[in-house]
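1. below is the structure, and that's it, no one-letter string:
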(Lines give C-alpha, C1' and ligand atoms only; values in the text may rest on other atoms or scores of the structure.)
Protein backbone atom coordinates (compact mmCIF):
# COMPACT_ATOMS: atom_id res chain seq x y z
CA UNK A 1 0.00 0.00 0.00
CA UNK A 2 1.60 3.30 -1.09
CA UNK A 3 -0.31 5.67 1.15
CA UNK A 4 2.23 7.13 3.64
CA UNK A 5 -0.37 6.86 6.39
CA UNK A 6 0.12 3.10 6.30
CA UNK A 7 3.91 3.15 6.15
CA UNK A 8 5.84 0.86 8.48
CA UNK A 9 8.93 1.55 10.54
CA UNK A 10 11.68 -0.55 8.90
CA UNK A 11 12.86 -3.55 10.84
CA UNK A 12 9.86 -3.91 13.14
CA UNK A 13 9.02 -7.55 13.63
CA UNK A 14 6.20 -8.86 15.74
CA UNK A 15 8.46 -11.30 17.56
CA UNK A 16 10.76 -8.50 18.67
CA UNK A 17 7.74 -6.70 20.09
CA UNK A 18 6.76 -9.78 22.02
CA UNK A 19 10.23 -9.98 23.52
CA UNK A 20 10.07 -6.35 24.62
CA UNK A 21 7.61 -7.26 27.36
CA UNK A 22 10.42 -8.96 29.24
CA UNK A 23 11.52 -5.58 30.52
CA UNK A 24 8.40 -5.34 32.67
CA UNK A 25 8.52 -8.52 34.72
CA UNK A 26 10.46 -11.71 35.30
CA UNK A 27 10.13 -14.40 32.64
CA UNK A 28 8.56 -17.09 34.88
CA UNK A 29 5.75 -14.69 35.78
CA UNK A 30 5.10 -13.87 32.13
CA UNK A 31 4.89 -17.54 31.16
CA UNK A 32 2.25 -18.12 33.82
CA UNK A 33 -0.02 -15.35 32.61
CA UNK A 34 -3.10 -15.86 30.48
CA UNK A 35 -3.37 -13.10 27.85
CA UNK A 36 -6.53 -11.04 27.90
CA UNK A 37 -9.10 -11.66 25.19
CA UNK A 38 -9.85 -7.98 24.77
CA UNK A 39 -8.02 -4.69 25.36
CA UNK A 40 -10.50 -1.93 26.20
CA UNK A 41 -9.43 1.59 25.24
CA UNK A 42 -11.38 4.74 26.04
CA UNK A 43 -11.15 8.36 24.94
CA UNK A 44 -13.21 11.53 24.92
CA UNK A 45 -14.96 11.97 21.58
CA UNK A 46 -13.82 15.13 19.81
CA UNK A 47 -15.31 14.25 16.43
CA UNK A 48 -18.21 15.82 14.60
CA UNK A 49 -20.91 14.46 12.29
CA UNK A 50 -20.90 11.11 14.08
CA UNK A 51 -17.20 10.46 13.49
CA UNK A 52 -15.45 9.16 16.64
CA UNK A 53 -12.16 10.99 17.09
CA UNK A 54 -9.71 11.09 20.03
CA UNK A 55 -8.37 14.53 19.11
CA UNK A 56 -5.43 15.70 17.02
CA UNK A 57 -2.90 13.44 18.68
CA UNK A 58 -0.81 10.32 18.20
CA UNK A 59 -3.77 8.29 19.43
CA UNK A 60 -5.73 9.38 16.34
CA UNK A 61 -2.96 8.00 14.10
CA UNK A 62 -2.97 4.73 16.03
CA UNK A 63 -6.75 4.45 15.80
CA UNK A 64 -6.99 5.38 12.11
CA UNK A 65 -4.35 2.90 10.96
CA UNK A 66 -5.66 0.03 13.11
CA UNK A 67 -2.12 -0.87 14.11
CA UNK A 68 -3.25 -2.26 17.47
CA UNK A 69 -5.85 -4.47 15.78
CA UNK A 70 -3.15 -5.68 13.40
CA UNK A 71 -0.73 -6.35 16.26
CA UNK A 72 -3.09 -8.38 18.43
CA UNK A 73 -5.30 -10.16 15.86
CA UNK A 74 -2.90 -13.15 15.42
CA UNK A 75 -3.34 -13.85 19.14
CA UNK A 76 -7.11 -13.69 18.98
CA UNK A 77 -7.12 -10.53 21.10
CA UNK A 78 -9.75 -7.96 20.27
CA UNK A 79 -9.11 -4.22 20.59
CA UNK A 80 -12.27 -2.41 21.68
CA UNK A 81 -12.44 1.39 21.37
CA UNK A 82 -15.00 3.47 23.26
CA UNK A 83 -15.50 7.19 22.69
CA UNK A 84 -17.25 9.31 25.29
CA UNK A 85 -19.20 12.49 24.53
CA UNK A 86 -19.05 13.25 28.24
CA UNK A 87 -15.26 13.65 27.89
CA UNK A 88 -13.00 13.22 30.94
CA UNK A 89 -15.75 12.84 33.57
CA UNK A 90 -17.40 10.06 31.55
CA UNK A 91 -14.05 8.32 31.05
CA UNK A 92 -13.49 8.52 34.81
CA UNK A 93 -16.81 6.80 35.43
CA UNK A 94 -15.86 3.97 33.10
CA UNK A 95 -12.48 3.62 34.79
CA UNK A 96 -14.12 3.53 38.22
CA UNK A 97 -16.38 0.74 36.99
CA UNK A 98 -13.32 -1.14 35.68
CA UNK A 99 -14.68 -1.04 32.13
CA UNK A 100 -11.44 0.22 30.55
CA UNK A 101 -7.80 -0.87 30.52
CA UNK A 102 -6.20 2.06 28.73
CA UNK A 103 -7.39 5.63 28.19
CA UNK A 104 -6.28 8.60 26.12
CA UNK A 105 -6.79 11.79 28.09
CA UNK A 106 -5.55 15.36 28.19
CA UNK A 107 -3.67 16.67 31.19
CA UNK A 108 -6.29 18.17 33.51
CA UNK A 109 -8.70 15.25 33.21
CA UNK A 110 -5.83 12.82 33.82
CA UNK A 111 -4.69 14.74 36.88
CA UNK A 112 -8.21 15.06 38.29
CA UNK A 113 -8.74 11.32 37.95
CA UNK A 114 -5.48 10.46 39.67
CA UNK A 115 -6.10 13.01 42.45
CA UNK A 116 -9.45 11.36 43.09
CA UNK A 117 -7.82 7.97 43.52
CA UNK A 118 -8.17 6.31 40.12
CA UNK A 119 -5.33 3.74 39.94
CA UNK A 120 -3.74 4.83 36.67
CA UNK A 121 -0.17 5.26 35.42
CA UNK A 122 0.87 7.57 32.60
CA UNK A 123 2.65 5.35 30.07
CA UNK A 124 3.19 7.52 26.96
CA UNK A 125 2.75 11.08 25.74
CA UNK A 126 0.43 11.53 22.78
CA UNK A 127 0.62 15.27 22.21
CA UNK A 128 2.32 18.36 23.64
CA UNK A 129 1.59 22.06 23.55
CA UNK A 130 -1.93 21.99 22.11
CA UNK A 131 -3.70 25.34 21.98
CA UNK A 132 -7.22 26.51 22.80
CA UNK A 133 -9.57 28.96 21.10
CA UNK A 134 -12.43 31.23 22.08
CA UNK A 135 -15.23 31.27 19.52
CA UNK A 136 -17.89 33.99 19.59
CA UNK A 137 -21.48 33.93 18.42
CA UNK A 138 -22.46 35.86 15.28
CA UNK A 139 -22.61 39.56 16.11
CA UNK A 140 -20.72 39.24 19.42
CA UNK A 141 -17.52 41.28 19.71
CA UNK A 142 -14.71 40.11 21.99
CA UNK A 143 -11.27 41.60 21.40
CA UNK A 144 -9.58 41.06 24.77
CA UNK A 145 -9.96 38.70 27.69
CA UNK A 146 -11.40 41.57 29.74
CA UNK A 147 -14.31 41.76 27.27
CA UNK A 148 -15.54 38.42 28.60
CA UNK A 149 -16.75 39.98 31.83
CA UNK A 150 -20.49 39.36 32.15
CA UNK A 151 -20.61 37.27 28.95
CA UNK A 152 -22.33 33.89 28.69
CA UNK A 153 -19.45 31.49 28.08
CA UNK A 154 -19.43 27.70 27.92
CA UNK A 155 -16.57 25.44 28.98
CA UNK A 156 -16.84 21.71 29.52
CA UNK A 157 -15.68 21.49 33.12
CA UNK A 158 -13.26 18.77 34.14
CA UNK A 159 -11.59 18.81 30.73
CA UNK A 160 -8.17 20.19 29.82
CA UNK A 161 -9.70 23.41 28.45
CA UNK A 162 -10.79 24.57 31.90
CA UNK A 163 -7.23 25.22 33.06
CA UNK A 164 -6.09 27.53 30.21
CA UNK A 165 -9.47 29.26 30.35
CA UNK A 166 -9.06 30.00 34.05
CA UNK A 167 -5.47 31.13 33.45
CA UNK A 168 -6.67 33.46 30.68
CA UNK A 169 -9.26 34.97 32.99
CA UNK A 170 -6.63 35.42 35.70
CA UNK A 171 -4.38 37.28 33.24
CA UNK A 172 -7.10 39.97 33.05
CA UNK A 173 -7.82 39.94 36.77
CA UNK A 174 -10.97 37.85 36.33
CA UNK A 175 -12.24 34.53 37.67
CA UNK A 176 -15.00 32.17 36.59
CA UNK A 177 -17.37 34.19 38.80
CA UNK A 178 -16.88 37.25 36.58
CA UNK A 179 -18.45 35.52 33.58
CA UNK A 180 -21.73 33.68 33.25
CA UNK A 181 -20.00 30.32 32.99
CA UNK A 182 -22.07 27.42 31.70
CA UNK A 183 -20.90 23.80 31.88
CA UNK A 184 -21.89 22.32 28.52
CA UNK A 185 -20.60 19.51 26.30
CA UNK A 186 -18.96 20.32 22.99
CA UNK A 187 -21.77 19.45 20.54
CA UNK A 188 -24.32 21.38 22.61
CA UNK A 189 -21.97 24.36 22.91
CA UNK A 190 -21.51 24.56 19.15
CA UNK A 191 -25.25 24.45 18.52
CA UNK A 192 -25.93 27.07 21.21
CA UNK A 193 -23.21 29.33 19.81
CA UNK A 194 -24.53 29.27 16.26
CA UNK A 195 -28.06 29.92 17.56
CA UNK A 196 -26.85 32.89 19.61
CA UNK A 197 -28.00 31.33 22.87
CA UNK A 198 -24.55 31.95 24.37
CA UNK A 199 -21.94 34.62 23.67
CA UNK A 200 -18.83 32.46 23.44
CA UNK A 201 -17.39 29.00 23.95
CA UNK A 202 -13.86 27.89 24.76
CA UNK A 203 -12.40 24.76 23.23
CA UNK A 204 -10.19 23.24 20.55
CA UNK A 205 -9.48 23.81 16.86
CA UNK A 206 -12.72 22.07 15.90
CA UNK A 207 -14.36 25.46 16.54
CA UNK A 208 -13.04 26.60 13.17
CA UNK A 209 -15.76 24.37 11.71
CA UNK A 210 -18.29 27.02 12.72
CA UNK A 211 -16.74 29.97 10.86
CA UNK A 212 -18.91 29.52 7.74
CA UNK A 213 -21.92 29.98 10.04
CA UNK A 214 -20.81 33.43 11.15
CA UNK A 215 -18.90 32.35 14.23
CA UNK A 216 -15.69 34.25 14.97
CA UNK A 217 -12.43 32.98 16.47
CA UNK A 218 -11.74 35.86 18.83
CA UNK A 219 -8.91 34.62 21.04
CA UNK A 220 -6.21 31.96 20.95
CA UNK A 221 -3.72 30.70 23.53
CA UNK A 222 -1.09 30.18 20.83
CA UNK A 223 2.26 31.59 21.86
CA UNK A 224 1.17 32.47 25.41
CA UNK A 225 3.40 29.91 27.11
CA UNK A 226 3.21 26.57 28.99
CA UNK A 227 0.47 27.69 31.40
CA UNK A 228 -1.91 27.98 28.44
CA UNK A 229 -1.08 24.79 26.56
CA UNK A 230 -2.49 21.29 26.87
CA UNK A 231 -0.59 18.03 27.01
CA UNK A 232 -2.16 14.65 26.38
CA UNK A 233 -1.14 11.12 27.12
CA UNK A 234 -1.97 7.45 27.31
CA UNK A 235 -2.79 6.03 30.72
CA UNK A 236 -3.17 2.42 31.78
CA UNK A 237 -4.83 0.98 34.83
CA UNK A 238 -2.57 -0.61 37.41
CA UNK A 239 -4.51 -3.86 36.96
CA UNK A 240 -3.68 -3.93 33.25
CA UNK A 241 -0.01 -3.11 33.77
CA UNK A 242 0.51 -5.72 36.47
CA UNK A 243 -1.75 -8.36 34.91
CA UNK A 244 -0.79 -7.98 31.23
CA UNK A 245 2.72 -6.49 31.07
CA UNK A 246 3.55 -8.07 27.70
CA UNK A 247 0.38 -6.69 26.12
CA UNK A 248 1.04 -3.28 27.64
CA UNK A 249 4.54 -3.24 26.15
CA UNK A 250 3.32 -4.30 22.71
CA UNK A 251 0.62 -1.62 22.84
CA UNK A 252 3.17 1.08 23.63
CA UNK A 253 5.43 -0.10 20.82
CA UNK A 254 2.59 0.59 18.39
CA UNK A 255 1.97 3.94 20.08
CA UNK A 256 5.61 4.90 19.57
CA UNK A 257 5.40 3.70 15.97
CA UNK A 258 2.46 6.07 15.45
CA UNK A 259 4.39 8.89 17.17
CA UNK A 260 7.31 8.31 14.79
CA UNK A 261 5.05 8.62 11.75
CA UNK A 262 3.34 11.75 13.11
CA UNK A 263 6.71 13.33 13.90
CA UNK A 264 7.96 13.25 10.31
CA UNK A 265 7.77 16.64 8.57
CA UNK A 266 7.30 14.80 5.29
CA UNK A 267 3.99 13.47 6.66
CA UNK A 268 2.62 16.90 7.69
CA UNK A 269 0.02 17.13 4.90
CA UNK A 270 -1.01 13.49 5.30
CA UNK A 271 -1.33 14.02 9.05
CA UNK A 272 -3.54 17.08 8.61
CA UNK A 273 -5.68 15.16 6.14
CA UNK A 274 -5.96 12.22 8.54
CA UNK A 275 -7.09 14.50 11.37
CA UNK A 276 -9.61 16.25 9.13
CA UNK A 277 -11.03 13.07 7.60
CA UNK A 278 -11.32 11.32 10.94
CA UNK A 279 -12.73 14.25 12.91
CA UNK A 280 -15.18 15.75 10.44
CA UNK A 281 -13.54 19.16 11.03
CA UNK A 282 -11.99 21.20 8.20
CA UNK A 283 -8.30 20.91 7.38
CA UNK A 284 -7.86 24.60 8.20
CA UNK A 285 -8.45 23.83 11.88
CA UNK A 286 -5.48 21.48 12.10
CA UNK A 287 -3.37 23.48 9.66
CA UNK A 288 -3.79 26.52 11.92
CA UNK A 289 -3.11 24.50 15.07
CA UNK A 290 0.12 22.97 13.73
CA UNK A 291 1.41 26.08 11.93
CA UNK A 292 4.91 26.93 13.12
CA UNK A 293 5.09 23.78 15.24
CA UNK A 294 7.91 21.25 14.94
CA UNK A 295 6.12 17.91 14.63
CA UNK A 296 8.83 15.97 16.45
CA UNK A 297 8.37 18.25 19.46
CA UNK A 298 4.56 18.18 19.31
CA UNK A 299 4.31 14.39 19.05
CA UNK A 300 7.23 13.13 21.12
CA UNK A 301 6.06 10.12 23.17
CA UNK A 302 8.82 10.53 25.77
CA UNK A 303 7.95 10.91 29.43
CA UNK A 304 10.81 13.30 30.11
CA UNK A 305 11.48 16.02 32.69
CA UNK A 306 9.72 18.66 30.61
CA UNK A 307 6.49 16.68 30.42
CA UNK A 308 6.58 15.85 34.12
CA UNK A 309 7.02 19.56 34.88
CA UNK A 310 4.04 20.37 32.63
CA UNK A 311 1.78 17.97 34.52
CA UNK A 312 3.08 19.34 37.81
CA UNK A 313 2.01 22.78 36.58
CA UNK A 314 -1.44 21.42 35.81
CA UNK A 315 -1.72 20.02 39.32
CA UNK A 316 -0.55 23.29 40.86
CA UNK A 317 -3.00 25.36 38.81
CA UNK A 318 -5.80 22.92 39.58
CA UNK A 319 -5.26 23.41 43.28
CA UNK A 320 -4.95 27.19 42.87
CA UNK A 321 -8.19 27.51 40.89
CA UNK A 322 -10.10 25.10 43.13
CA UNK A 323 -10.41 22.42 40.46
CA UNK A 324 -8.71 19.89 42.75
CA UNK A 325 -9.07 19.24 46.47
CA UNK A 326 -5.82 17.40 46.96
CA UNK A 327 -2.59 16.71 45.15
CA UNK A 328 -0.35 13.68 44.65
CA UNK A 329 3.25 12.87 43.76
CA UNK A 330 3.34 13.57 40.02
CA UNK A 331 6.76 12.07 39.13
CA UNK A 332 5.93 8.65 40.62
CA UNK A 333 2.71 8.56 38.57
CA UNK A 334 4.77 8.34 35.38
CA UNK A 335 5.86 4.94 34.04
CA UNK A 336 8.58 5.76 31.45
CA UNK A 337 9.98 2.25 31.08
CA UNK A 338 7.48 1.16 28.44
CA UNK A 339 8.30 4.02 26.07
CA UNK A 340 12.02 3.63 26.68
CA UNK A 341 11.84 -0.03 25.72
CA UNK A 342 9.65 0.71 22.70
CA UNK A 343 12.15 3.31 21.44
CA UNK A 344 14.90 0.67 21.65
CA UNK A 345 12.76 -1.98 19.96
CA UNK A 346 12.00 0.34 17.04
CA UNK A 347 15.59 1.65 16.90
CA UNK A 348 14.44 5.26 17.32
CA UNK A 349 16.95 6.33 19.97
CA UNK A 350 17.78 9.65 18.28
CA UNK A 351 14.29 10.55 17.06
CA UNK A 352 13.13 12.73 19.99
CA UNK A 353 15.50 14.84 22.10
CA UNK A 354 14.53 15.04 25.74
CA UNK A 355 13.42 18.27 27.40
CA UNK A 356 14.44 19.49 30.82
CA UNK A 357 12.18 20.79 33.59
CA UNK A 358 12.09 24.24 31.96
CA UNK A 359 10.85 22.75 28.70
CA UNK A 360 14.10 23.40 26.81
CA UNK A 361 15.87 20.72 24.81
CA UNK A 362 18.60 19.10 26.88
CA UNK A 363 22.07 20.13 25.83
CA UNK A 364 20.91 23.41 24.30
CA UNK A 365 21.12 26.83 25.91
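-> That came through, no problem. What you are looking at is a predicted structure, and each value in this text was computed from that prediction instead of being measured.
2. so which helix or strand takes in the residue nearest the centre of the chain?
-> Closest to where the C-alpha atoms of the chain average out (C-alpha atoms, centre = their mean) is residue 232, at 3.0 Å. Under the criterion of DSSP states H and E, residue 232 resides in strand 230-237.
3. name every strand pairing with that strand and say which way it goes.
-> Paired with strand 230-237 in the same sheet, following DSSP bridges, are strand 102-106 (antiparallel), strand 120-130 (antiparallel).
4. ok, then the element right after the longest one?
-> Pointing back at strand 120-130 there. strand 133-136.
5. run the angle between the top helix by length along the chain and strand 230-237 for me.
-> Looking across the chain with DSSP state H, the single longest helix is helix 245-262. In terms of direction (axes from the mean of the first three to the mean of the last three C-alpha atoms, to 10 degrees), helix 245-262 departs from strand 230-237 by 160 degrees.
6. who are the packing partners of helix 245-262?
-> Applying 3 or more C-beta pairs under 8 Å, 6 or more residues apart in numbering; DSSP states H and E, we find helix 245-262 packed against helix 14-20, helix 58-65, helix 67-72, strand 120-130, strand 230-237, helix 238-243, helix 337-345. Every C-beta, even on glycine, is put in place using the N, C-alpha and C of the backbone.
7. rerun that using 7 Å as the cut-off
-> The contact analysis (3 or more C-beta pairs under 7 Å, 6 or more residues apart in numbering; DSSP states H and E) places helix 245-262 against helix 14-20, helix 58-65, helix 67-72, strand 120-130, helix 337-345.
8. which ones are touching residue 315?
-> Going by C-beta atoms under 7 Å, 6 or more residues apart in numbering, residue 315 touches 111, 324, 327, 330.
9. ok, back up a step: include mean pLDDT, mean neighbour count and distance to residue 293 when you put the helices and strands packed on helix 245-262 into JSON lines, please.
-> Output for the helices and strands packed on helix 245-262, formatted as JSON lines (pLDDT from 0 to 100; neighbours: other C-beta atoms under 10 Å; distance: least, C-beta to C-beta, whole Å):
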{"stretch": "helix 14-20", "mean pLDDT": "40", "mean neighbour count": "15", "distance to residue 293": "30"}
{"stretch": "helix 58-65", "mean pLDDT": "95", "mean neighbour count": "25", "distance to residue 293": "14"}
{"stretch": "helix 67-72", "mean pLDDT": "97", "mean neighbour count": "19", "distance to residue 293": "24"}
{"stretch": "strand 120-130", "mean pLDDT": "96", "mean neighbour count": "25", "distance to residue 293": "7"}
{"stretch": "helix 337-345", "mean pLDDT": "97", "mean neighbour count": "21", "distance to residue 293": "21"}
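10. can you list the low-confidence ranges for the stretch 1-150 of the chain?
-> Residues of the stretch 1-150 of the chain that meet the criterion pLDDT under 70 lie in 1-33, 49.
11. can you list the domains in this structure?
-> 4-127+230-345, 133-227 (automatic domain parsing).
12. need phi/psi at residue 334.
-> Phi and psi for residue 334, reported as degrees, to the nearest 10, are phi -80, psi 140.
13. number of nearby residues for it?
-> Number of residues near residue 334 (other C-beta atoms under 10 Å) recorded here: 19.
14. if we can go back for a sec, could you point out which element follows the longest helix of the chain?
-> From helix 245-262 onward toward the C-terminus, using DSSP H and E, the following helix or strand is helix 268-279.
15. lowest-confidence entry in the contacts of residue 315?
-> pLDDT across those is lowest for residue 324, at 90.
16. please tell me I have it right and that residue contacts residue 112.
-> Yes - if you go by C-beta atoms under 7 Å, residue 324 and residue 112 touch, sitting 6.4 Å apart.
17. mind putting the domains of the chain in TSV, distance to residue 359 included?
-> What follows is the domains of the chain, written out as TSV (distance: least, C-beta to C-beta, whole Å):
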stretch	distance to residue 359
domain 4-127+230-345	5
domain 133-227	6
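18. quick check: which of those is nearest to residue 362?
-> With C-beta to C-beta, the closest approach to residue 362 among the domains of the chain belongs to domain 4-127+230-345: 8.0 Å.
19. and the closest one, how far from the chain's centre?
-> Averaging C-alpha positions (C-alpha atoms, centre = their mean, to the nearest Å) puts domain 4-127+230-345 7 Å from its chain's average.
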